[in-house]
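> here is a sequence together with a model predicted from it:
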Amino acid sequence: MGEQNPPVFGVVGLGEVGLPLALRVAESGYDVVGVDIDEERIRSLKSGESYIIDIPSSDVQATVDDGVTVTTEYERLSDATHIALCVPTPLQKSGQPDISYIVAAVDELVEVISPETTVIIESTVYPGATENLIREIVTDAGFTVGEDIYLASSPERIDPGNEQYDLEDIPKVVGGVTASCQAQTERLYEDIFQTVVSVNSATEAEMTKILENTFRNVNIALVNELVKVADNFGIDFWNVIEAAKTKPYGFMPFYPGPGLGGHCIPVDPIYLSWRARQNGIDTPLVDLADRTNREMPEYIVRRLTEVLNERGIALSESRILILGVAYKSGVPDTRKSPAIDIIDGLEKSQASITYHDPYVPRLNVNDVGPYTSVELTDDLLASVDCTLIVTNHPEIEIETIVDRSSLIFDTRNATANYDADNIYRL
Ligand SMILES: NC(=O)c1ccc[n+]([C@@H]2O[C@H](COP(=O)([O-])OP(=O)(O)OC[C@H]3O[C@@H](n4cnc5c(N)ncnc54)[C@H](O)[C@@H]3O)[C@@H](O)[C@H]2O)c1
């Protein structure tokens, strides 16, 4: 790539990862072309409307006004010198990795890109996907990786809803398929991000991302297992964690909860275990952590039943108000939210369910729904048999909940500052 060609940065997939990245790169002064197959999203962006919670519409408007192209047409990437791939990598219904979005996007890309383009995989994929699967597609299309096309992995590490870190402050791990792939990617990202962390290969970069999220998954599974033990012992496990946190080294707090959700933590370890199994390697710890976390919604329903029974109330005749159905605090994302499995379990027990979530106006629960978020009033709190806190959004006033509810089942320790008989904490 000659110095005379200023970089044009293409972003494929303008979601939670791609849109913030496109805006960041545009802010750094580069020409940006964003492509998404979702026409609705492209229409929103063109009219200056954001659909990502952390990005204000004013930022989208300013970026579009500034000349950033957003389109459904892959052909517009023909002048791109660098292209970041930010498409989804979910699981199939069978529980196996679904890499069809990656394959579809790369299939489209190889039809339109020019020689000398650098393609950077930002999506989370299994270790080896870039060096094998993606390399094979571009090679079949007639390119030679490291010579007339550059291929690297730089998995995104954004944490939606986290206001502490701007995207440019999160160190960017980069691993190229060849040394020239590495160099091309580093050169650009050193200009856009504060810190670039170079690793030896694309597979090392992919494994880094999977390690980070598997680490969270396994540690959350540990505290989810121990919270049940502590409950049996009659002790407050949240208090135990606070005490353990005072150790100045060798301990990092993780917190139990109703189960894992979102696009990353419950999904990424499966990409690892699936790939390892293909090579004949078992990952029993990772598998057990996954199962432990997936069983939490069922445990919550079981404990809720017991807590109600202790008060002479049958679950089947109870009215339950669920507070927060997004998978975590401060975001509207309900993908894989444990609230869905909890509502499903409660429905099967014929409890009467309502929910309140300031971020989620409607929610489909498998074949039931849509449920509609109800207004949180004193009358509502007084009328239900139990208020079940699944996600503690900052907008939900805990003091009112504690004052007005006859019974609270708190899966998030949101009521930590209150000591009342009507509170049961996970
Ligand atoms: N959301 C997160 O917090 C997060 C954090 C780090 C990494 N990741 C990873 O980043 C990747 C993207 O996740 P996301 O949360 O941004 O997903 P998302 O669903 O929010 O966005 C993906 C976008 O890609 C578009 N898309 C799908 N197929 C396409 C195609 N063939 N061509 C063009 N656009 C296409 C979709 O319409 C959507 O707008 C995943 O691999 C995910 O694991 C996500």
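Great, that's in hand.

> got the contact list for residue 206?
Counting by Cβ atoms under 8 Å, 6 or more residues apart in numbering, residue 206 touches 121, 124, 125, 126, 127, 128, 129, 130, 153, 155, 175. C-beta coordinates here come from the backbone N, C-alpha and C atoms, glycine included.

> right, I mislabeled it, should have said residue 188
Remark: with contacts taken as Cβ under 8 Å, 6+ apart, residue 188 is in contact with 7, 9, 82, 118.

> got the phi and psi for it?
Backbone geometry at residue 188, expressed as degrees, to the nearest 10, gives phi -70, psi -50.

> for residue 183, same thing?
Summarising the backbone geometry of residue 183 under the convention degrees, to the nearest 10, its torsions are phi -60, psi -40.

> isn't it right up against residue 176?
Yes. Using Cβ atoms under 8 Å, residue 183 is in contact with residue 176, at 7.2 Å.

> out of these two, name the residue with the larger neighbour count.
The residue with more neighbours, out of residue 183 and residue 176 and counting by other Cβ atoms under 10 Å, is residue 176; that gives 29 against 15.

> between the contacts of residue 206, which has the most around it?
Sorting the contacts of residue 206 by how many neighbours each has (other Cβ under 10 Å) puts residue 153 first, at 34 neighbours.

> how many other residues sit next to residue 419?
8.

> which secondary structure state does it sit in?
Of the three states, residue 419 takes coil under DSSP: H, G, I helix; E, B strand; the rest coil.

> repeat that for residue 182.
Per three-state DSSP, the secondary structure class of residue 182 is helix.

> list the contacts of the residue of the stretch 101-250 of the chain found nearest the ligand.
At 3.3 Å from the ligand, residue 123 is the closest residue in the stretch 101-250 of the chain, using Cβ to the nearest ligand atom. When the contact criterion is Cβ under 8 Å, 6+ apart, the partners of residue 123 are 13, 17, 85, 86, 87, 88, 89, 101, 102, 155, 156.

> now, those residues that are in strands?
Mapping the contacts of residue 123 onto strands (DSSP state E) picks out residue 85.

> wait, doesn't residue 194 sit right on residue 166?
No. Under the criterion of Cβ under 8 Å, residue 194 makes no contact with residue 166, lying 9.0 Å away.

> do I have it right that residue 227 meets residue 236?
No. Distance between residue 227 and residue 236: 9.8 Å, which falls outside the contact criterion (Cβ under 8 Å).

> which of these two has more neighbours?
Set side by side, residue 227 and residue 236 give different neighbour counts by other Cβ under 10 Å, the larger being at residue 227 (23 against 15).

> and the gap between that one and residue 417?
19 Å (Cβ to Cβ, to the nearest Å).

> what of residue 149?
Between residue 149 and residue 417 the distance, using Cβ to Cβ, works out to 57 Å.

> name the residues of the stretch 1-150 of the chain found near the ligand, please.
Residues of the stretch 1-150 of the chain lying near the ligand by Cβ under 6 Å from any ligand atom: 12-18, 35-38, 41, 86-89, 101, 104-105, 123-124.
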